[in-house]
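Colleague: A predicted structure for the sequence below; I have some questions about it.
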Amino acid sequence: MKIYNYNGTSRNRIGDKVRELRKAEGLSQKDLAARLQTEGYDFTDVTILRIEKGQRFVPDYEVVLIAKCFHVSTDYLLGVSDR
């Protein structure tokens, strides 16, 4: 699966969904980073910002962690399914 948009500028496919889910839960980027840190991963608000802007590659294990955090499927984050 490609990790770049068709124009080749994005380093991930989940940024828009992460931003949408984060805002729907009323979380700041710092709040989301703190939530993910409780799972033992090194996230900061800058990490979340870069993910949301498509500037950071997101490895598979982080996609799984973010999906679990929001109680959605990885397919939803990747834009393959509606939820």
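Modeller: The structure has been received and is ready for your questions. All figures in this text were calculated on a predicted structure; none of them were measured in a lab. Residues are numbered from 1 along each chain as shown.
Colleague: Going by C-alpha atoms from here, please, whenever you check contacts or count neighbours.
Modeller: Fine.
Colleague: At the geometric centre of the chain, which residue do we find?
Modeller: Centroid check for the chain by CA atoms, centre = their mean gives Val18 as the closest residue, at 4.3 Å.
Colleague: low-scoring pLDDT stretches of the protein, where are they?
Modeller: 1-10 (pLDDT under 70).
Colleague: ranges for the helices of it?
Modeller: Using DSSP state H, the helices found in the chain span residues 15-24, 29-37, 45-52, 60-70, 74-77.
Colleague: Out of these, flag the one nearest Arg83.
Modeller: Of all these, it is helix 74-77 that lies closest to Arg83, at 4.9 Å by CA to CA.
Colleague: Starting from Leu32, give me the distance back to the closest residue in space to Asp16 that isn't next to it in sequence.
Modeller: Counting by CA to CA, 6 or more residues apart in numbering, Asp16 lies nearest to Glu52, which is 5.9 Å off, once chain neighbours are set aside. As defined by CA to CA, to the nearest Å, Glu52 lies at a distance of 12 Å from Leu32.
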